[in-house]
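Novice: With the sequence up front, the predicted model follows.
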Amino acid sequence: LVRELSLPSAAMSFQIDVKTPEAFKSEITEVPGTCQVVELYSTWSGPCKAIISTFKRIYFDAGDRPLKFFTVDAEKVGGFDEHRKGCQPVFLIYKDGKVIDKVVGVMAPALEKKIAEYSAVAA
């Protein structure tokens with residue numbers, strides 16, 4: 001269940017399913033200034049399905065922070081060979097086109113802490 005919601009804050013959309021390496025590059029690695037959380041998943045994995053509600057809650061709790069969520073089926077999109085056949089989701093946190101952190105598994109507190117840290121807006 002992946003969808004893009006149209007919400008008042010134009011800088012945010014809930015979750016975008018990236019289907020090609022080209023889309024990954026244009027949506028994630030070429031976008032500066034936004035914290036981007038990429039979930040690498042396998043469609044058959046129970047833990048990957050279980051984290052969707054956590055993603056949604058983090059998104060709605062984020063307010064106006066510059067934050068985007070993406071999902072990538074590691075078995076269908078090229079470039080993620082090391083994450084294929086994994087039974088746990090892998091979350092890569094990007095900023096300015098580079099991976100700045102990683103969370104493996106359904107570890108909601110760790111994921112929330114890292115997202116809050118990296119998406120904080122400087123005062």
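Specialist: All right, it came through fine.
Novice: alpha carbons only for contacts and neighbour counts from here, please
Specialist: Will do.
Novice: Let me see the mean pLDDT of the biggest helix by length in the chain.
Specialist: Assignment by DSSP state H gives helix 108-119 as the longest helix of the chain. Average pLDDT, helix 108-119: 88.
Novice: Just the CA trace of the worst-scoring helix or strand of the chain on mean pLDDT, in CSV.
Specialist: Sorting the helices and strands of the chain by mean pLDDT, DSSP states H and E puts helix 46-50 at the bottom, at a mean of 74. Provided in CSV are the C-alpha atoms of helix 46-50 (Å, rounded to 0.1, in the frame of the first residue of the first chain):
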residue,chain,number,x,y,z
GLY,A,46,6.3,-9.5,6.9
PRO,A,47,8.6,-7.0,8.8
CYS,A,48,8.7,-4.8,5.7
LYS,A,49,4.9,-4.7,5.7
ALA,A,50,4.7,-4.1,9.4
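Novice: Which residues does it contact?
Specialist: Contact with helix 46-50 is made by 41, 42, 43, 87, 88, 89, 105, 106, as judged by Cα atoms under 8 Å, 6 or more residues apart in numbering.
Novice: And for the second one, nearest residue in space, chain neighbours not counted?
Specialist: For residue 42, the nearest residue in space outside its immediate sequence neighbours is residue 73; the separation is 5.7 Å by Cα to Cα, 6 or more residues apart in numbering.
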